[in-house]
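Participant: need a 3D model of the following:
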Amino acid sequence: MLTVLVHIHVKEEFLEAFRTATIENSRNSLQEPGVVRFDVLQQQDDPTRWVLIEAYRQPEDQLKHRETAHYARWRDSVADMMAEPRVGVKYTPVYPT
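Facilitator: Alright, predicted model coming up:
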């Protein structure tokens, strides 16, 4: 299993558009056979800060995800909404497995 936390800083004027696009991407991602979870979190004390929690059955499933049409639509539609480049950090589950 591979878990990725994607940290995103969104420009304030794009919060609703980002939310809509990201929820749609998550819904579609959850239909992929290699995706275990795809959570969308917004920080309580700073709504411009977001975290995506992506869990894949195998590391190669993340690569397959990045080849999907819904990911490409999301990536392209939210690019200008970000205040800075997003940062993905990969984790290996320790417990439970």
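
Participant: quick one: buried residues of the longest helix along the chain?
Facilitator: Scanning the chain for the longest helix, with DSSP state H as the assignment, gives helix 15-29. Neighbour counts using 16 or more other Cβ atoms under 10 Å place 18, 21, 22, 25, 26, 28, 29 of helix 15-29 among the buried residues. Just so you know, the C-beta spots here come from the backbone N, C-alpha and C atoms, and that holds for glycine as well.

Participant: likewise stretch 48-64?
Facilitator: 48, 50, 52, 54, 55, 56, 61, 62.

Participant: in helices, which of those fall?
Facilitator: Secondary structure from DSSP H places 61, 62 of the buried residues of stretch 48-64 in helices.

Participant: could you export the buried residues of stretch 48-64 as JSON lines, including pLDDT and distance to residue 95?
Facilitator: Compiled in JSON lines, these are given as follows (pLDDT from 0 to 100; distance: Cβ to Cβ, whole Å):
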{"residue": "48", "pLDDT": "98", "distance to residue 95": "33"}
{"residue": "50", "pLDDT": "98", "distance to residue 95": "26"}
{"residue": "52", "pLDDT": "98", "distance to residue 95": "22"}
{"residue": "54", "pLDDT": "98", "distance to residue 95": "19"}
{"residue": "55", "pLDDT": "97", "distance to residue 95": "14"}
{"residue": "56", "pLDDT": "98", "distance to residue 95": "18"}
{"residue": "61", "pLDDT": "98", "distance to residue 95": "21"}
{"residue": "62", "pLDDT": "97", "distance to residue 95": "21"}
